[in-house]
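Undergrad: Starting from these lines, generate the structure:
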Amino acid sequence: MDPLTLGAPALDPARAVVPQLAHILREAIIRNRLPPGTRLTETEIGKAMGVSRQPVREAFIKLSEEGFLDIRPQRGTFVRPICLDRLLDARFLREALEADVVRLCAECRPPGLGAELRRQIAGQRALGAGSSAEFLPLDNLFHRSLAEAVGRGQAWDMAAGLNRQMDRIRHLSVTHFPVGTLVDQHEAIAEAVEVGDAATAETLMRAHLRLVLEELPAIREAVPHAFEGSPG
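TA: Prediction:
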C-alpha cells in the first residue's frame with residue numbers, strides 16, 4: 001500500500017508508534033481514503049509505514065474497539081461500514097451536551113466569545129461553496145469554542161471521540177452537506193448567544209445537529225454499501 005493512500009506523514013520516532021498508526025488509519029477511514037470493505041493486512045500497512053507487524057496489530061485492535069475495523073479470524077481485517085446504531089447514539093449524546101453548552105453560553109455571555117465566533121464565521125464564509133473536507137475542521141472549531149467558553153472543553157473532547165462516525169458521513173458526500181446552510185446556522189446560533197437568548201440558541205443548536213438525520217436517507221441511498229444496521 002502506498003503511504004499516500006493513507007495520507008500518512010512519516011512516523012515520529014520520539015513518540016509511541018501504536019497511537020500514531022491508529023490515528024493515521026482512523027483518519028484515512030474517516031476521509032474515505034480507505035472505503036468500507038477495504039481489506040487491510042498487517043504486513044502491507046507495516047511495510048508502508050516502515051514498522052513491524054506487532055504495532056500494526058495493536059492499532060488494528062484499537063480501531064476495532066472503536067468500530068472502524070472488523071477483524072475476522074482466518075479471513076482478514078476489513079474497514080467496517082458506518083454503524084447506524086453508533087451514529088445515532090453519538091448524535092444523541094452530542095445534542096444533549098451541546099444544547100446545554102450553548103444555553104450556558106447565552107446565559108453567561110463569556111467575554112470575547114461573540115467576536116471570536118464572528119471571526120470564525122467569516123473564515124467559514126470565505127470557503128464559498130467549499131467542500132466538507134475543508135469545512136469540517138472549521139465546524140469542529142466553532143463547536144469546541146462554545147464548549148471551552150463555559151469550561152466544558154474536556155466534555156467536548158469526549159463527545160468528539162464518539163462523533164467520528166458522523167465525520168465519516170461528511171466526507172462521503174459534499175452534496176448532502178451544503179456548507180452555506182451550515183454556516184448560516186452557525187451565524188444564527190452565534191447571534192442568539194451574543195444577545196443572551198438562551199432558549200433560541202438551544203433550539204437552533206438542536207436543529208443544527210439534527211441535520212444529519214434529515215440528510216441520512218439520501219446519503220444511504222447514494223452509498224448503501226457504506227452503512228450497516230438499522231436507521232432506527
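Undergrad: what's near enough to touch the residue minimising distance to the centre of the chain?
TA: For the chain, D167 is the residue whose C-alpha lies nearest the centre (CA atoms, centre = their mean; 3.1 Å). Shown in contact with D167 (CB atoms under 8 Å, 6 or more residues apart in numbering): I30, L136. Quick note: C-beta positions are derived from backbone N, CA and C, even for glycine.
Undergrad: ok so it is a helix residue?
TA: Yes. Under DSSP: H, G, I helix; E, B strand; the rest coil, D167 falls within a helix.
Undergrad: what about it, distance to A90?
TA: 10 Å (CB to CB, to the nearest Å).
Undergrad: again with A226
TA: For A226, the distance to A90 - CB to CB - is 16 Å.
Undergrad: These two: who's more crowded?
TA: Higher neighbour count among A226 and A90: A90, with 22 against 19, using other CB atoms under 10 Å.
Undergrad: Is that one located within a helix, as I assumed?
TA: Yes. When classified by three-state DSSP, A90 is found to be part of a helix.
Undergrad: Nearest residue to it in space, please, no chain neighbours.
TA: Distances taken as CB to CB, 6 or more residues apart in numbering place L162 nearest to A90, at 4.1 Å, with adjacent residues excluded.
Undergrad: Tell me the helix or strand right after the helix or strand bottoming out on mean pLDDT in the chain.
TA: Using mean pLDDT, DSSP states H and E, the weakest-scoring helix or strand in the chain turns out to be helix 3-6, at a mean of 58. Downstream of helix 3-6, the next assigned helix or strand under DSSP states H and E is helix 17-30.
Undergrad: got the contact list for that next one?
TA: Against helix 17-30 from outside (CB under 8 Å, 6+ apart): 5-9, 11-12, 34, 40, 45, 49, 51, 55-56, 58-59, 62-63, 66, 68-69, 79, 164, 167-168, 171.
Undergrad: same question, stretch 122-130
TA: Outside stretch 122-130, the residues that touch it by CB under 8 Å, 6+ apart are E134, F135, L138, D139, F142, V179, G180, L182, V183, H186.
Undergrad: So for L127, what's the pLDDT?
TA: pLDDT for L127: 83.
Undergrad: Would you mind giving both backbone torsions of it?
TA: Main-chain torsions, L127, degrees, to the nearest 10: phi -70, psi -20.
Undergrad: Please enumerate the helices of this structure.
TA: 3-6, 17-30, 42-49, 53-65, 84-108, 113-125, 132-149, 153-162, 164-172, 179-194, 198-209, 211-222 (DSSP state H).
Undergrad: Please state the offset of the third one from the chain centre?
TA: How far helix 42-49 lies from its chain's middle: 26 Å, per CA atoms, centre = their mean, to the nearest Å.
Undergrad: List the buried residues of that helix.
TA: E42, I45, G46, A48, M49 (16 or more other CB atoms under 10 Å).
Undergrad: just to revisit the earlier point, mind putting the helices of the chain into CSV with distance to P73?
TA: What follows is the helices of the chain, written out as CSV (distance: least, CB to CB, whole Å):
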stretch, distance to P73
helix 3-6, 25
helix 17-30, 20
helix 42-49, 14
helix 53-65, 12
helix 84-108, 22
helix 113-125, 46
helix 132-149, 35
helix 153-162, 27
helix 164-172, 24
helix 179-194, 42
helix 198-209, 38
helix 211-222, 29
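Undergrad: Comparing those helices, which yields the minimum mean pLDDT?
TA: Among the helices of the chain, helix 3-6 carries the lowest mean pLDDT (a mean of 58).
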